[in-house]
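In: Give the three-dimensional model of this entry:
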Amino acid sequence: QIQLAESGGGSVQSGGSLRLSCAPSTARCMGWYRQAPGKGRDGVAMIGKDGIADYADSVKGRFTISQDSATNTLYLQMNNLEVEDTATYYCGARNDGQRPCKIRYGMHFWGAGTQVTVSS
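Out: Below is the predicted model of the structure:
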């Protein structure tokens, strides 16, 4: 069992930036998913221990996932935020040794989520 804790959510205007954090970032695959009101949970970004990242098309070029091995912290830098990015963002972890660290394979453990609200 991995207990994850997110932080860094908030409210910003369109075009603004936020950085989300999650700890501990110790699993083989770490990532971020989001869920907007009335919608399902969608993958945003995922990264493996090798540093290779996978992104949803909707955030490519705007969001960057990274991890600090010294502090075991996962980050999601979100730039040029859009109203459509408004959602609860969840940190996730997966430790199975079979599948690549790609958002389409999902996660096994989740944090409680942090709210991101982007206004026009």
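In: Excluding covalently adjacent residues, which one is nearest to the residue nearest to the spatial centre of the chain?
Out: The centre of the chain sits closest to Trp32, judged by C-alpha atoms, centre = their mean, with a distance of 2.0 Å. Of all residues not flanking Trp32 in the chain, Val44 sits nearest, at 4.4 Å (C-beta to C-beta, 6 or more residues apart in numbering). Just so you know, the C-beta spots here come from the backbone N, C-alpha and C atoms, and that holds for glycine as well.
In: same thing with Arg94?
Out: Cys29 (4.2 Å).
In: can I assume the residue nearest to the centre of the chain is in contact with Tyr90?
Out: Yes: between Trp32 and Tyr90 there is a contact at 7.0 Å, judged by C-beta atoms under 8 Å.
In: Now do the buried residues in the strand or helix carrying Ser11.
Out: For Ser11, the host element (DSSP states H and E) is strand 10-13. Within strand 10-13, the residues that count as buried by 16 or more other C-beta atoms under 10 Å are Val12.
In: can you check stretch 26-43 too?
Out: Buried, per 16+ other C-beta under 10 Å, within stretch 26-43: 27, 29-34, 41, 43.
In: got it, and stretch 81-98?
Out: If you call a residue buried by 16+ other C-beta under 10 Å, then stretch 81-98 has these buried ones: 81, 85-94.
In: would a markdown table of these with secondary structure and distance to Ser69 be doable?
Out: What follows is these, written out as a markdown table (DSSP: H, G, I helix; E, B strand; the rest coil; distance: C-beta to C-beta, whole Å):
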| residue | secondary structure | distance to Ser69 |
| --- | --- | --- |
| Leu81 | coil | 27 |
| Asp85 | helix | 27 |
| Thr86 | coil | 31 |
| Ala87 | strand | 28 |
| Thr88 | strand | 27 |
| Tyr89 | strand | 22 |
| Tyr90 | strand | 22 |
| Cys91 | strand | 16 |
| Gly92 | strand | 18 |
| Ala93 | strand | 15 |
| Arg94 | strand | 18 |
